[in-house]
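Enquirer: Let me see the structure of the following:
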Amino acid sequence: QLFELEDFNWFPDLIRSPMTRLLKVLNSWMGLDEAIAKLVERIIVETGISTIVDLGSGSGGVMPIVHQRLSESNNDRNVNLMLTDLHPSQTALAEFKQNKDGITYHATPVDATKATSVPSGIKTMVNSFHHMPPSVATKILRAAQESGEPLLIFEMQENKIPTLIWALFLPLGLIITFIMALVLTPFSKPLTFSQLVFTYLIPVIPLCFAWDGQASYARLYSISDIDELLEGLASSSYTWKKGIGTKKNGRSIGTYLLGMPD
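Expert: This next block holds a predicted model:
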């Protein structure tokens, strides 16, 4: 359980928000939105629920793009997206405060471990579940099951590399991720003056992005880890399914855990 800078309350939103916007660009380039949209659309069809409550949204992440795809493919129904976070992003609050295109940002903190504090709807967690230590991760799964509503957890990668190998190649990984931040920045929206300053003049954002990116991989739960987290959650009224995400072209990307009420 390594630390990520974004996990800390004191970490400034001035740096946190640009980092999450960089991740949004990367996810879009990789086609993560395609894989997630396919899964969420299936949930909407099976349950009839058309409100999505994204947990751990940060500055919005890839879910607004997923929402756009779902809205285009579900013309006969309104698909609404509510973004939430334990530490709401002030930048995202300002961007989505006007119920922008069916997207809202919950202004108060949302604790995913407490079923009663989470708004009703299809719950999603994209690239945020690995931030949770096992004790908290189990509480999130239990809370979703107790709510009787769907939960989709999606991570952009699968943890396949042994920790020792990861540690040996960490310096190279940090350099590659640092350079990625420099390349992704021009495509980040909104691109602020402060983001440009703290990227190219004082490279605080690329440094933080590089560390959090590499730490994230080491923290990802493997398939066997997920099996351990699900122990004791067997229920006749709720089913858990693990799988590999697929894009429109059929290529695999990421892993998911889907909880569905029977």
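
Enquirer: now the strands for the stretch 151-262 of the chain?
Expert: 151-155, 238-246, 252-261 (DSSP state E, counting those that start in this stretch).

Enquirer: Below-threshold pLDDT in the protein: ranges please.
Expert: Across the chain, the stretches falling below the confidence threshold (pLDDT under 70) are 74-76, 98-100.

Enquirer: one step back: buried deepest among the strands of the stretch 151-262 of the chain, which one?
Expert: strand 151-155 (a mean of 25; mean count of other Cβ atoms under 10 Å). Where you see a C-beta, it was placed from the backbone N, CA and C, and this is true even at glycine.

Enquirer: and for it, what are the contacting residues?
Expert: Residues outside strand 151-155 that contact it (Cβ atoms under 8 Å, 6 or more residues apart in numbering): 32, 35-36, 39-40, 43, 122-127, 129-130, 140-141, 144-145, 220-221, 245, 254-259.

Enquirer: check contacts around residue 218.
Expert: With Cβ under 8 Å, 6+ apart, residue 218 has these contacts: 2, 159, 163, 166.

Enquirer: Go again with 6 Å.
Expert: Going by Cβ atoms under 6 Å, 6 or more residues apart in numbering, residue 218 touches 2, 166.

Enquirer: what's the distance between it and residue 248?
Expert: Separation of residue 218 from residue 248 (Cβ to Cβ, to the nearest Å) stands at 30 Å.

Enquirer: sorry, back to before: now distance to residue 86 too, for the strands of the stretch 151-262 of the chain, in JSON lines please.
Expert: Output for the strands of the stretch 151-262 of the chain, formatted as JSON lines (distance: least, Cβ to Cβ, whole Å):
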{"stretch": "strand 151-155", "distance to residue 86": "16"}
{"stretch": "strand 238-246", "distance to residue 86": "23"}
{"stretch": "strand 252-261", "distance to residue 86": "20"}
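
Enquirer: So for residue 183, which of those sits nearest?
Expert: strand 252-261 (19.8 Å; Cβ to Cβ).

Enquirer: List the buried residues for stretch 164-183?
Expert: Buried residues in stretch 164-183, counted by 16 or more other Cβ atoms under 10 Å: 173, 174, 177, 178, 180, 181.

Enquirer: Pull the number of nearby residues for the nearest residue to the fourth one once chain neighbours are set aside.
Expert: Read that as residue 178. Nearest residue to residue 178, sequence neighbours excluded (Cβ to Cβ, 6 or more residues apart in numbering): residue 210, at 4.2 Å. Around residue 210 there are 20 other residues, counting by other Cβ atoms under 10 Å.

Enquirer: State whether residue 210 and residue 175 are indeed in contact, as I suppose.
Expert: No. Taking contacts as Cβ atoms under 6 Å, residue 210 lies outside contact range of residue 175: 7.7 Å.

Enquirer: re the thing from before, of the strands of the stretch 151-262 of the chain, which is nearest residue 103?
Expert: Taking the strands of the stretch 151-262 of the chain one by one with Cβ to Cβ, strand 151-155 is closest: 17.4 Å.
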